[in-house]
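Novice: Structure here, sequence nowhere to be found:
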RNA sequence: UGGGGCGUGGCCAAGCGGUAAGGCGCCGGCCUUUGGAGCCGGUAUUCGAAGGUUCGAAUCCUUCCGCCCCAA
């Protein structure tokens, strides 16, 4: 239970259906409870880092949009409303170890990470699932907009949420048969309006709580500053060059850029310039016009096939390369070592190393991997 | 003190007689469980300054101011 509407309704619906439900929330950062007497009353967020893993400037007071101490209070209050027990599990060290360290490492190496995916695969459906077992829970339910179905042969299939506009399967591509067998997504067959309607009907006080967004652990959305705090050596200045290698500017570190980025380049030209390529070894950022951003081919690593079996031949799929990207027709085939090569029918804008490529057949998620 | 060029919003910059493009940046908003992108709206009564020509000038003329380049 994150304290948001979706997981709250998920828990409430299961309880209403008569299941024996235990509410569990993950505490991801050391927390500082809201204290009205504190002059800086905005310091109601969580402070990462006092205890080691993620040292963050405590002066930054506005924290993320999920998993803050206030969200934990919301979760607790919802659990009370539903009438279920509620536990908070401390995952600070795991979160720092899996999610934050990966986040920092990726940016420093010129790639663009997806912390949400790692949070799902390395925490929720790993550590939290284990913890659920300790509570004697048969299944782990979350508020994800995704659907799981089991076929005649006992195989699990993952589908986009019924509300395609809220679908979250892009962040769930790494789930395995074992994980799917123990997972449940009670709101996956609902659309957002229906979920809020349930929340209202069930008198959950989070009914009108805004949807979460942006990276939950980065204050102010200033992830570059966050990375620099975590890895001071990352701020290695370099040059910005154009397609022909001419130096057109300088920058304060490759971690500040991602493929397709337009803002923050600090350059002037007659047309918008976009980041085309990042060369971490040379500390170089290549920029150019938008039409140079299209790419047809990509390879990916650490590929997961949800069925458990990688296809042996070229397979037609719709491939999605970022959240909110309209999956585009492509063919994909396995190569060595859990890797894959993929070719789009038409060029896609800003294929970005570190992001995930997820394969779909209609609404079904076939699998996905990390773009090289 | 011979020759040439340039001064347009915070920055880059188009326009070269008909009533201030565009980009960057910035400010709002939309979108969004990653980043980026995208979309909508806002951001110069004014074109180094002062005169003049004209129905009308950033655009033509004059002078001045400030930069830059090439020759000696």
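Specialist: Perfect, I can see it now. Please read all numbers here as calculations on a predicted model, not as lab measurements.
Novice: Which positions in the stretch 251-372 of chain A make contact with RNA strand B?
Specialist: Neighbours of RNA strand B within the stretch 251-372 of chain A, by C-beta under 7 Å from any atom of the strand: A:258-275, A:290, A:322-325, A:349-350, A:352, A:355. For glycine as for every other residue, the C-beta is placed from the backbone atoms N, C-alpha and C.
Novice: Mind checking which of those are buried?
Specialist: A:258-261, A:265, A:273-275, A:322-323, A:325, A:349-350, A:352, A:355 (16 or more other C-beta atoms under 10 Å).
Novice: Of the residues you listed, which pair is most distant in space?
Specialist: Across those, the longest distance by C-beta to C-beta is 24.3 Å; it joins A:273 and A:323.
Novice: which stretches of the stretch 251-372 of chain A form strands?
Specialist: A:274-279, A:284-288, A:294-305, A:315-320, A:328-334, A:340-349, A:356-361, A:364-371 (DSSP state E, counting those that start in this stretch).
Novice: which residue packs closest to residue A:316, ignoring adjacent ones?
Specialist: residue A:331 (5.6 Å; C-beta to C-beta, 6 or more residues apart in numbering).
Novice: what about residue A:148, neighbour count?
Specialist: For residue A:148, the count of nearby residues is 18 (other C-beta atoms under 10 Å).
Novice: Need the three-state assignment for it.
Specialist: Secondary structure for residue A:148, judged by DSSP: H, G, I helix; E, B strand; the rest coil, is strand.
Novice: separation between it and residue A:140?
Specialist: 11 Å (C-beta to C-beta, to the nearest Å).
Novice: pLDDT score assigned to the closest residue to residue A:368 other than its chain neighbours?
Specialist: With sequence-adjacent residues excluded and distances taken as C-beta to C-beta, 6+ apart, residue A:368 is closest to residue A:173, at 3.1 Å. pLDDT recorded at residue A:173 is 96.
Novice: which residues does residue A:173 contact?
Specialist: By C-beta atoms under 8 Å, 6 or more residues apart in numbering, the contact list for residue A:173 reads A:117, A:304, A:306, A:356, A:358-359, A:365, A:367-369.
Novice: Now flag whichever of the residues you listed is closest to residue A:207.
Specialist: residue A:117 (28.3 Å).
Novice: I'd like the distance between the closest one and RNA strand B.
Specialist: 8 Å (C-beta to the nearest atom of the strand, to the nearest Å).
Novice: On the three-state scheme, that residue is what?
Specialist: Under three-state DSSP, residue A:117 comes out as helix.
Novice: Leaving out chain neighbours, which residue sits closest to it?
Specialist: Nearest to residue A:117 is residue A:171, by C-beta to C-beta, 6+ apart, at 4.8 Å.
Novice: repeat for residue A:247
Specialist: residue A:239 (4.9 Å).
Novice: so that neighbour makes contact with residue A:252?
Specialist: No: using C-beta atoms under 8 Å, residue A:239 is not in contact with residue A:252; the gap is 11.4 Å.
Novice: Give me the more crowded residue out of the two.
Specialist: Of the pair residue A:239 and residue A:252, residue A:239 is the one with more neighbours under other C-beta under 10 Å, namely 17 against 14.
Novice: Now list whatever residues contact both of residue A:148 and residue A:140.
Specialist: By C-beta under 8 Å, 6+ apart, the residues touching both residue A:148 and residue A:140 are A:183-184.
Novice: Over to residue A:102. Which of the three states is it?
Specialist: helix.
Novice: now do residue A:87
Specialist: Going by three-state DSSP: residue A:87 is strand.
Novice: count of neighbours near it?
Specialist: 14.
Novice: What residues does it make contact with?
Specialist: A:22-25, A:135.
Novice: Is there proximity between stretch A:164-183 and RNA strand B?
Specialist: Yes: using C-beta under 7 Å from any atom of the strand, stretch A:164-183 reaches RNA strand B at A:165-166, A:168, A:170-171.
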